[in-house]
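Colleague: Return a 3D structure for these sequence lines:
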Amino acid sequence: MSPTAPAPGQLELVRAFVNTHNVERRTDTLTSPWEREVREAIRLALVANHDRTPVPPAVVRVLDEAAERVGLSVRFTADGSFALRPARRSRVGDVLVAMTEAMTDGTWSRLKVCWDDECLWAFYDNSRARTAKWCSMEVCGNRMKQKAWRDRGRS
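Modeller: Model prediction:
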């Protein structure tokens, strides 16, 4: 588990949900196959945030199906704003609502997954340029740079 700062507001729900699978330690706190499928779809959506590419269609399908399954619907308010509410309260429903709020307020694109395939920890990119690649420069960034240096030496 790599040390990372929490994401702002409700986006922390998404970061924490994705991090229920610790790749380095090979632990997973989710037992539901459906929750795991949604979590991995979100993880793939976060990969797209690195280079601002579209979310893969298969990921969109999983997220759409999850939103339908929890009965996600929009509620309008008198002040001209809106809120999403799941018909049935669930962890996935809360995560999907937090995702849409982050997409609306502009913080979504800063939530990413570590580029280190041995980590894949979700982290919030606080860098000014929004170009962070690793959850921790001291751990994953250093490990990846050392690997690249060794690979160049072999060439």
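Colleague: Would you mind listing the buried residues in the least confident helix or strand in the chain by mean pLDDT?
Modeller: Taking mean pLDDT, DSSP states H and E as the measure, the chain has helix 142-154 as its least confident helix or strand, at a mean of 78. For helix 142-154, the neighbour count (16 or more other C-beta atoms under 10 Å) marks Met144 as buried. Quick note: C-beta positions are derived from backbone N, CA and C, even for glycine.
Colleague: And for it, what's in contact with it?
Modeller: Outside helix 142-154, the residues within contact range by C-beta atoms under 8 Å, 6 or more residues apart in numbering are 115-116, 118, 133-134.
Colleague: Please name whichever of those scores lowest on pLDDT.
Modeller: Lowest model confidence among the contacts of helix 142-154 falls on Trp134, which carries 83.
Colleague: List the contacts of that one.
Modeller: With C-beta under 8 Å, 6+ apart, Trp134 has these contacts: 2, 114-116, 119, 123, 140-141, 144.
Colleague: In terms of distance to Leu72, which of those residues ranks first?
Modeller: The shortest gap between Leu72 and any of the contacts of Trp134 belongs to Phe123, at 25.8 Å (C-beta to C-beta).
Colleague: which other residues reach the strand or helix carrying the closest one?
Modeller: Secondary-structure element containing Phe123, defined by DSSP states H and E: strand 122-124. Applying C-beta under 8 Å, 6+ apart, the external contacts of strand 122-124 come out as 2, 4-8, 11, 14-15, 18-19, 43, 46, 107, 110-114, 132, 134-136.
Colleague: thinking again about what came up before, now flag whichever of the contacts of Trp134 is closest to Ala58.
Modeller: Closest to Ala58, out of all of the contacts of Trp134 and judged by C-beta to C-beta, is Trp115, at 20.9 Å.
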